[in-house]
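1. Sequence and computational prediction follow.
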Amino acid sequence: QLATNTVAGVQADQNLTVVSGGGLGYYGFQINIGNAKGSTEKPGPIDTPLGKSPQLREAFELSLDRDAINKAVYNGLHQVDCYPVPVDSPYRPKDLTCPKRDLAKAKQLVQASGVATPIPVTLATPNDAVNQRLAQVIQSMAKEAGFNVSVQTAEFVSVLEQGKAGKFDVLLSGWSGRVDPDGNLTNLVTTQGSNNYAGMSDPGIDDPIKRAAAETDVAKRAELYGSAMKKAAELRGVVYLYHNLYYLGMHKTVAGVQYFKDGLPRFVTAGFAA
């Protein structure tokens, strides 16, 4: 599996080839809006500027340019999006749209909040080079809207522990993805979900997701998931940046490798080309 910054080099080699897969998973960041005592505990108030203010969370998101982030950090090789269910999923309504960067509106929201600038934000990130680069790009973009983002790095498992315990302000995080959209939502955005590090809790999210899990009609499930995702987008406990795409490098004589949306290559039909 190739890092996105090595794909072009492999493609340029006449002896090698690249196949791609993935797309079910996502990456972005969680904002602590209710995780006071742990993700599976009863939500409580969070005393941070972003945690207290939906207005500032909107400003923070609007300060970011997803397309520019994708290009700067991943050579444009991921699929930009702002929802947890893939764009081409039959369980995703077609009317879901993503906000573009709007620095003017972000600044207006910051000013209207009455919070003195620069507004402090602590961003926790795993300590690998790619995540640190992502954190730095977010830091630079948000600064233009009046946010002072401090990046704190730690080993990956330690960052996850911070998330579970609610000991964070903003946290870079992702999910490998599931074929059924329930696996991208229930434990991640519903009340007291084990991976709901943001501490989101709203019946407008919980109820339609629960109903969708018991529904068999695809169109009805899509409508219910769409309703829940729209409400979650308003709360901004999770801000999604992109869906992960994966790239596999191999010798040009290898054929028949299948690479599906779950990001796991299959070699049952693989072999050497004549």
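-> That came through, no problem. Residues are numbered from 1 along each chain as shown.
2. So which elements touch the helix or strand bottoming out on mean pLDDT in the chain?
-> Using mean pLDDT, DSSP states H and E, the weakest-scoring helix or strand in the chain turns out to be strand 258-259, at a mean of 90. Strand 258-259 is packed against strand 16-22, strand 265-266, with contacts defined by 3 or more C-beta pairs under 8 Å, 6 or more residues apart in numbering; DSSP states H and E. In short, each C-beta sits where N, CA and C put it, glycine included.
3. what about residue 123, how many neighbours?
-> Residues lying near residue 123 (other C-beta atoms under 10 Å) number 23.
4. Dig out what it forms beta bridges with.
-> For residue 123, the beta-bridge partners are residue 151, residue 170 (DSSP bridges).
5. before we move on, the earlier item: among the helices and strands packed on strand 258-259, which comes closest to residue 160?
-> Among the helices and strands packed on strand 258-259, the nearest to residue 160 by C-beta to C-beta is strand 16-22 (21.0 Å).
6. Show me what that closest one is packed up against.
-> Other helices and strands packing on strand 16-22, by 3+ C-beta pairs under 8 Å, 6+ apart, are helix 7-12, strand 245-251, strand 258-259.
7. in stretch 34-53, what's buried?
-> Using 16 or more other C-beta atoms under 10 Å as the test for burial, stretch 34-53 gives 34-36, 39, 43, 46, 48-51, 53.
8. who's in contact with that stretch?
-> Stretch 34-53 is touched from outside by 31-33, 56-57, 60, 113, 115, 119-121, 163-166, 169-170, 191-201, 237, with contacts defined as C-beta atoms under 8 Å, 6 or more residues apart in numbering.
9. switch the cut-off to 6 Å
-> 31-33, 56-57, 113, 115, 119, 164-166, 169, 192, 194, 196-197, 199, 201 (C-beta atoms under 6 Å, 6 or more residues apart in numbering).
10. starting at the chain centroid, how far to it?
-> Chain-centre distance of stretch 34-53: 19 Å, with C-alpha atoms, centre = their mean, to the nearest Å.
11. Next, the distance between the ends of that stretch.
-> End-to-end distance for stretch 34-53: 12 Å, by C-alpha to C-alpha, to the nearest Å.
12. still on that earlier bit, pairing partners for the least confident helix or strand of the chain, with directions?
-> Under the rule (DSSP bridges), strand 258-259 has strand 265-266 (antiparallel) as partners.
13. Quick one: mean pLDDT over the helix or strand that the strand it pairs with is followed by.
-> Using DSSP states H and E, the next helix or strand after strand 265-266 towards the C-terminus is strand 271-272. Across strand 271-272, pLDDT averages out at 94.
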